[in-house]
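Chemist: Below are the sequence and a predicted model for it; my questions follow.
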Amino acid sequence: MTLCITNGKMKAVQTMTDLEKLCSRVTEAADCAVITDDVNRRYFTAMKSSAGTLVVFPEKAYFIIDFRYIEKARKTVTACEVILQDKLYEQINELIEKHGAKTVAVNADTCTLSDLIAYQQKLNAEVIADTKLAKIITEIRTVKSQEQIDKMIKAQRIAENGFAHMLDFIKVGRTEKEIQLELDYYMLRNGAEALSFDTIALSGANTSLPHGVPSDKKVESGEFVLMDFGATYDGWHSDMTRTVCVGKPSDKMKSVYETVLTAQLTALDAVKAGMSGKALDKIARDIITDAGYGDNFGHSLGHGVGVEIHESPYASPSREDILPVNSIVTVEPGIYLEGEFGVRIEDFVIVTENGCINMTKAPKELICL
């Protein structure tokens, strides 16, 4: 239910759930769809489990789940009919017959070859494994509801509180692994369901590795410490990166940091619905290139975030995809100087019609500890 104002009066407007959207569009791919991957199963049913089969028809959806999860499913899953799994393929065939389906779509992005062969051999319908279903699911997941955004904001606040905590923890002599573990432990004990991904915590020359792995290296005075991390709240992710300095930075470190910050702030000012990911990437990349560091920014400017840490839309030199209203995208320019240091600053934002709303509130001016 969504509230809107019409003729000066507040009215409740019934909005479609994501599963209802999938039901309404499933015939673009086939007569019905079968979904079994963990991420999309949870996305459409709101239930976390390691098993279960979602069968979607235009008229109705069904969730077939085994005895281990049936009690939880009956309490949790309200968007579709819950069925206790007995003989899975026979049960799917009964539903296919009931709804008169002739074709069944599976998600080509997630369906394994062995599952595809089993479906083709055991289902009484033509099994379609092209990209149509995956495209429909991506389009539905790209546009977030307010409830979904609220969960990501909660996840982000957990991560930001972790960052504030780390400003008192990081000091000369701490190892990268100690920094990683302290940040992880803080987020997990302060509301995170899980980590969004393996936390990156790097120092000194290691910060030139965009996705480096924390080591036993100790922080030294005059070094950058780069942390890329996020929390998960009720299945929804956050993502942020901050680079701080322990001690006094060199003039070159300060100059590179300011270049990255300028690129990020300029891109944040430019974000709006209707622009392409390629155009957004170019805005930040041009600033870094003009500063002489174009060859040192080797990754995309950003990516979507949701029930996965990397999802649509993408802001990269090769993506013509248009950013829709209420999509989420990170803005994370970086400069990486091999053998010296690296800087990355990352926020993630809600794309709006005329700009964006930044969900990241942590400070990003250069912090020297």
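Modeler: Sure, I can see it.
Chemist: Helices along the stretch 51-200 of the chain, start to end?
Modeler: 67-76, 88-99, 113-122, 132-142, 146-169, 176-189 (DSSP state H, counting those that start in this stretch).
Chemist: Tell me which of those sits most buried.
Modeler: helix 132-142 (a mean of 20; mean count of other Cβ atoms under 10 Å). Quick note: C-beta positions are derived from backbone N, CA and C, even for glycine.
Chemist: could you check the angle helix 146-169 makes with it?
Modeler: 70 degrees (axes from the mean of the first three to the mean of the last three Cα atoms, to 10 degrees).
Chemist: chain center to helix 132-142, what's the gap?
Modeler: 14 Å (Cα atoms, centre = their mean, to the nearest Å).
Chemist: and if you look at stretch 231-250?
Modeler: 15 Å.
Chemist: Next up, the contacts around the residue nearest to Glu81 when sequence neighbours are not counted.
Modeler: Using Cβ to Cβ, 6 or more residues apart in numbering and skipping the chain neighbours, the partner closest in space to Glu81 is Tyr62 (5.0 Å). Contact partners of Tyr62, counting by Cβ atoms under 8 Å, 6 or more residues apart in numbering, are 54-56, 80-83, 95.
Chemist: What count of nearby residues applies to Ala30?
Modeler: 22 (other Cβ atoms under 10 Å).
Chemist: surely it meets Thr103?
Modeler: Yes. If you go by Cβ atoms under 8 Å, Ala30 and Thr103 touch, sitting 3.9 Å apart.
Chemist: so what sits against both of these two?
Modeler: 126, 128.
Chemist: Now which of the contacts of Tyr62 would you call buried?
Modeler: Among the contacts of Tyr62, those classed as buried by 16 or more other Cβ atoms under 10 Å are 54-56, 80, 82-83, 95.
Chemist: now, among the residues you listed, which is nearest to Ile345?
Modeler: Minimum separation from Ile345 among the buried ones among the contacts of Tyr62 (Cβ to Cβ) is found for Leu54, which lies at 38.9 Å.
Chemist: shaky segments in the stretch 151-300 of the chain?
Modeler: By pLDDT under 70, the stretch 151-300 of the chain has no low-scoring segment.
Chemist: Please enumerate the strands of it.
Modeler: 194-195, 200-203, 223-229, 231-233, 236-237, 240-246 (DSSP state E, counting those that start in this stretch).
Chemist: Paired strands for the fourth one, with orientation please.
Modeler: Read it as strand 231-233. Partners of strand 231-233 in the sheet, by DSSP bridges, are strand 194-195 (antiparallel), strand 236-237 (antiparallel).
Chemist: What lies in contact with the last one?
Modeler: Contacts made with strand 236-237 from outside it, assessed by Cβ under 8 Å, 6+ apart, are listed as 148, 151-152, 155, 196, 230-231, 305-309.
Chemist: Let me have those residues in CSV, extended by distance to Thr207.
Modeler: Listed next are these as CSV, based on distance: Cβ to Cβ, whole Å:
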residue, distance to Thr207
Gln148, 33
Lys151, 31
Met152, 27
Ala155, 25
Ser196, 20
Gly230, 18
Ala231, 22
Val305, 23
Gly306, 28
Val307, 29
Glu308, 26
Ile309, 21
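Chemist: wait, which of the contacts of Tyr62 is closest to Ile170?
Modeler: Closest to Ile170, out of all of these and judged by Cβ to Cβ, is Leu54, at 44.3 Å.
Chemist: distance of that closest one from Asp234?
Modeler: 19 Å (Cβ to Cβ, to the nearest Å).
Chemist: Nearest residue to Leu268 in space, please, no chain neighbours.
Modeler: Looking at Leu268 with Cβ to Cβ, 6+ apart, the closest residue is Val331, at 5.5 Å.
Chemist: The one you found contacts Asp347, doesn't it?
Modeler: Yes. Judged on Cβ under 8 Å, Val331 makes contact with Asp347 at a distance of 5.6 Å.
Chemist: quick one, helices of the stretch 251-369 of the chain?
Modeler: Taking DSSP H, counting those that start in this stretch, the helices of the stretch 251-369 of the chain run over residues 251-270, 277-290.
Chemist: who does the last one touch, helix- and strand-wise?
Modeler: For helix 277-290, the contact count by 3 or more Cβ pairs under 8 Å, 6 or more residues apart in numbering; DSSP states H and E identifies helix 251-270, strand 302-304, strand 311-315, strand 328-331 as packing neighbours.
Chemist: again, only using 7 Å
Modeler: Judged by 3 or more Cβ pairs under 7 Å, 6 or more residues apart in numbering; DSSP states H and E, helix 277-290 is in contact with helix 251-270, strand 311-315.
Chemist: Nearest to Ile283, out of the strands paired with strand 231-233?
Modeler: Using Cβ to Cβ, the strands paired with strand 231-233 put strand 236-237 closest to Ile283, at 24.7 Å.
Chemist: if I pick the most centrally placed residue in the chain, what's in contact with it?
Modeler: Geometric centre of the chain, nearest residue: Val305, 2.3 Å, by Cα atoms, centre = their mean. Neighbouring residues of Val305 by Cβ atoms under 7 Å, 6 or more residues apart in numbering: 152, 237, 239, 311, 328, 330, 348.
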